[in-house]
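Engineer: build the 3D model from these lines:
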Amino acid sequence: MEDNRWKQFKLCGDYNVDLRSLYMAWATPAGLEKWFLRKADFYTLPMRHRDGDEQIGKDDTYTWYWHGYDNNVTEKGVVLEANGKDLIKFTFTGKSVVTVAFSTRNGLTIIDLTQEDIPEETDPEKNLLVQCQIGWTFYLTNLKSVMEGGKDLRNKRVELMTCFK
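Structural biologist: Modelled structure (predicted):
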């Protein structure tokens, strides 16, 4: 049996926010920019740029831009699934796949985020499982902060980025 411990992980978060609002925070460029990205560009199959409040769809391609980095540092990928209500799946760094599933339990909205097919790396500084798990933990926390209280925890000051590298 294959050992998948270093090829995938799952994170969960509970949110005192309605499911639809959380889904839209993941499913629109403007939603992603509120808590995750500096800029989120999505393109339909005929390469039409999606508007900020327009929902992403299956087979869309994306280019993401991060706070603290110039426009040469991007993440590019493809939306594998976006069902319009409770599931989004996309390719991510290192050809891994991220699945975000939304559900409700005990009056809360639950997000289950799974990242799979993570390539193995022996160098801990380059280890995508470790780095992505740390990153997603922060961003799921920031999503909770932004959606429940309005406070954005991201560092948007480029001049301070040397403190974090």
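
Engineer: which stretches of this structure aren't confidently modelled?
Structural biologist: 1-2, 124, 158, 160-165 (pLDDT under 70).

Engineer: and the longest helix for it?
Structural biologist: Secondary structure of the chain per DSSP state H: the longest helix is helix 128-149.

Engineer: residues making contact with it?
Structural biologist: Applying Cβ atoms under 8 Å, 6 or more residues apart in numbering, the external contacts of helix 128-149 come out as 6-9, 11, 13, 15-17, 21-22, 25, 34-36, 92-94, 96, 111, 113, 115, 118-119, 121, 124-125, 151-154. All C-beta spots, glycine's among them, are computed from the backbone N, C-alpha and C.

Engineer: okay, strands next: where are they in the chain?
Structural biologist: Counting by DSSP state E, the chain has strands at residues 9-15, 39-43, 61-65, 74-82, 87-92, 96-105, 108-116.

Engineer: need those in CSV (columns: distance to Val146).
Structural biologist: Shown next, in CSV, are the strands of the chain (distance: least, Cβ to Cβ, whole Å):
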stretch, distance to Val146
strand 9-15, 10
strand 39-43, 15
strand 61-65, 17
strand 74-82, 20
strand 87-92, 18
strand 96-105, 16
strand 108-116, 13
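
Engineer: tell me the most buried of those strands?
Structural biologist: Highest mean neighbour count of these: strand 87-92, a mean of 20 (counted as mean count of other Cβ atoms under 10 Å).
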